[in-house]
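Visitor: please work out how this folds:
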Amino acid sequence: MNDSGPEGQDSIQHRPIPFFHRFVATGFFSGYVPWASGTVGTLVGLLIYLIPGVESVPLLSGLIVAGFFAGVISSARVAAAVGNQLTRTAEIAKTAFQPHGHATADPSIVVIDEIVGMWVTLLFLPKTLPVMVIGFVAFRVMDILKPQPARYLERLPGGWGIMLDDLAAGIYANAITWGGWLCWQWATA
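Guide: Sure thing, here's the model as predicted:
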């Protein structure tokens, strides 16, 4: 169901969203920033990664799995309640880089997908400033451009599409970050 029209928006805005789902889906409410909420969500993922010990593969892998499944459930609940509401910056980016639009709702306030995508980007990499900068930029570019199969995955219903396209973007960004990190080491050796 596409709730992008005025009638659909009026009917879905009155659905209550349980606190837990709103808290998780909006990345601890960071998704409510009125501009570049995806970038802010990515930054939240990076800030969590900065907590000492989070970079360990078992802990970060566990966070990715837990965040992914919690994100599937919570983002679906929020998207069902608010529809495909986008910030102005998200509308501009989607018009420029994803002209075919979304078949399913993926509102700008949902940023748990960016948080998990950023963690996937940094998985198995050393915790250094160059890696984090390269990873941040690589993930934002991959999340905006959505090369296949990420673009296909975002069409999946509910929270699956919301989460899986950013998971794919994180995998692409992880490979790019590895390449950038190796180039950085070679250039500074």
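Visitor: so the residue at minimal distance from the centre of the chain is in which element?
Guide: Residue closest to the mean C-alpha point of the chain, counted by Cα atoms, centre = their mean, is Glu114 at 1.9 Å. Using DSSP states H and E, Glu114 sits in helix 112-122.
Visitor: ok, now Val141?
Guide: Using DSSP H and E, the secondary-structure element containing Val141 is helix 129-145.
Visitor: quick one: residues in contact with that helix.
Guide: 38-39, 42-43, 46, 49, 93, 97, 114, 117-118, 121-122, 125, 150, 166, 169-170, 172-174, 176-177, 180-181, 184 (Cβ atoms under 8 Å, 6 or more residues apart in numbering). No exception for glycine: its C-beta is placed from N, CA and C like everyone else's.
Visitor: max-length helix in this protein?
Guide: When the chain is parsed with DSSP state H, its longest helix is helix 158-188.
Visitor: mind listing what's buried in the helix holding Val141?
Guide: For helix 129-145, the buried set under the neighbour-count rule, 16 or more other Cβ atoms under 10 Å, comprises 130-132, 134-140, 142-144.
Visitor: can I get those residues in CSV including pLDDT?
Guide: Converted to CSV, the buried residues of helix 129-145 look like this (pLDDT from 0 to 100):
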residue, pLDDT
Pro130, 97
Val131, 98
Met132, 98
Ile134, 98
Gly135, 98
Phe136, 98
Val137, 98
Ala138, 98
Phe139, 98
Arg140, 97
Met142, 97
Asp143, 94
Ile144, 92
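Visitor: can you list these in TSV and add distance to Ala79?
Guide: Supplementary listing: those in TSV, determined by distance: Cβ to Cβ, whole Å:
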residue	distance to Ala79
Pro130	35
Val131	32
Met132	29
Ile134	31
Gly135	27
Phe136	25
Val137	27
Ala138	26
Phe139	21
Arg140	21
Met142	21
Asp143	17
Ile144	19
